[in-house]
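>>> fold the stuff below for me.
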Amino acid sequence: MKRRSFLKAGTMAGVSAVALSKLSLAKTEKFNPSSFPVVLSTWDFKLPTNQTAYETLQNGGTALDAVEHAIRLVEEDPNTTSVGRGGYPDRDGHLTLDACIMDEKGNAGSIVFLEHIMHPISVARRVMEKTPHVVLAGDGALQFAIEQGFKKEDLLSDGAQKAYHDWLKQSNYNPPLNEKNHDTLGLIVADANGNLAGGCSTSGAAWKMHGRVGDSPLIGAGLFVDNEVGAATSTGLGETVIKIAGSFLVVESMRSGISPQDACEIAVQRLIKKNPQYKDIDNFLAGFIAINKQGDVGAFSYKKGLQYSLLRDGVNKVYDADFLVK
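Okay, the predicted model is just below:
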């Protein structure tokens, strides 16, 4: 490199460093402790989900504890047909579960294609904390879970079995994705100090191909947490989210100073640009929720129907997300 080019590059790097320093300082100055803690989750998985996360924090738990405890509540509910033991099986009759978790240090754990274990979110946390790996799958994930003391059991509920046998009469793989039938619980927690953690859990799309894995357990697709910036999670048709590394895209947009709301919209616009074949499909839905370090939140989906639950300032409510196609 010529001397002039080298000096120019050095000067630009210095300017960038100063700019980044000022940006970080500005973000620190905006931090308002009274805005925290915050619990943000996809859909309306009964408001006690958010409340459980909040109570975990109040009782001295970490943001990571709050994420795990809240998601476990949904995983053990036999009436929830898209997460945990109540989930609908794949087209071969197998109930396979996926989950991932991230903490404020950037640590991550993921479980994919797990059978017979009620709490994949807890297994994902064990992967993060007890192994040098990020992802365990299938039989290996089951073996690890049993070694960690998790109970192997038949999880397919009576309701899911009946739904499966009804589906077999036509075997039509066209499950609607909307507020009544979706496939992800994504949950983000910011504790009183603004430290972030997040998790996802799902039984995947009903009647999926055996072996299919969606975006939910994939770090950067279904979930991404960067404690310096914010966190995001997704819901809807996972294949479209995977193709754009959706949650990572939302967080990186926020890193540049864009609000969580605008960052979610950018991701949805990118998603449909890269997947134009879904534009005219009536039952197609995909969206994101996000929070930044200042406690601002955002939510946006392709079409009307995405709901999100927010607990902040002692108020725990369900909201309808804004959407692209009016």
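
>>> around the closest residue to Gly295 other than its chain neighbours, count how many other residues there are.
Counting by C-beta to C-beta, 6 or more residues apart in numbering, Gly295 lies nearest to Ser35, which is 3.8 Å off, once chain neighbours are set aside. Any C-beta I mention is one placed from the backbone N, CA and C, and that applies to glycine too. By other C-beta atoms under 10 Å, 16 other residues sit near Ser35.

>>> swap in Ala206?
When neighbours are counted by other C-beta under 10 Å, Ala206 registers 22.

>>> quick check: the residue nearest to it when sequence neighbours are not counted vs His165, distance?
Among residues not flanking Ala206 along the chain, Tyr88 sits closest, at 3.6 Å (C-beta to C-beta, 6+ apart). Taking C-beta to C-beta, to the nearest Å as the measure, Tyr88 falls 12 Å from His165.

>>> which one's more surrounded, these two?
A direct count of neighbours by other C-beta under 10 Å for Tyr88 and His165 places Tyr88 higher, at 24 against 10.

>>> where in the stretch 1-150 of the chain is pLDDT low?
1-34 (pLDDT under 70).

>>> please, where are all the strands along it?
Under the criterion DSSP state E, counting those that start in this stretch, the stretch 1-150 of the chain carries strands at the ranges 38-42, 97-102, 108-114, 135-137.

>>> paired strands for the shortest one, with orientation please.
For strand 135-137, the paired strands and their directions (DSSP bridges) are strand 108-114 (parallel).

>>> what angle sits between the partner strand and strand 97-102?
180 degrees (axes from the mean of the first three to the mean of the last three C-alpha atoms, to 10 degrees).

>>> how far out from the middle of the chain is strand 108-114?
Averaging C-alpha positions (C-alpha atoms, centre = their mean, to the nearest Å) puts strand 108-114 13 Å from its chain's average.

>>> from Gly230, how far out is Gly257?
Taking C-beta to C-beta as the measure, Gly257 falls 11 Å from Gly230.

>>> the two - which one has more neighbours?
Neighbour count, other C-beta under 10 Å: between Gly257 and Gly230, Gly230 has more, with 28 against 13.

>>> so which bits of stretch 72-84 are buried?
Judged by neighbour count using 16 or more other C-beta atoms under 10 Å, the buried positions of stretch 72-84 are Arg72, Leu73, Val74, Glu75, Asp77, Thr80, Thr81, Ser82, Val83, Gly84.

>>> that should have said stretch 187-205, apologies.
Using 16+ other C-beta under 10 Å as the test for burial, stretch 187-205 gives 187-191, 194-205.

>>> three-state assignment of the residue nearest to Val241 when sequence neighbours are not counted?
Distances taken as C-beta to C-beta, 6+ apart put Asp215 closest to Val241, at 4.0 Å, once the chain neighbours are dropped. Secondary structure assignment for Asp215 (DSSP: H, G, I helix; E, B strand; the rest coil): coil.

>>> ditto for Cys200
Cys200 - assigned by three-state DSSP - is strand.

>>> and the closest residue to it other than its chain neighbours, how far from Gly236?
Distances taken as C-beta to C-beta, 6+ apart put Ser216 closest to Cys200, at 4.3 Å, once the chain neighbours are dropped. Using C-beta to C-beta, Ser216 is found at 10 Å from Gly236.

>>> repeat that for Leu223.
Look at Leu223 and Gly236: by C-beta to C-beta, they are 14 Å apart.

>>> how is this structure divided into domains?
With automatic domain parsing as the criterion, the domains of the chain are listed as 1-30, 35-323.

>>> so which of those domains is the most surrounded?
Most buried of the domains of the chain, by mean neighbour count (mean count of other C-beta atoms under 10 Å): domain 35-323, with a mean of 21.

>>> start and end of that one, how far apart?
26 Å (C-alpha to C-alpha, to the nearest Å).

>>> just the helices in the stretch 201-326 of the chain please.
Ranges of helices in the stretch 201-326 of the chain, per DSSP state H, counting those that start in this stretch, are 238-242, 246-255, 260-274.
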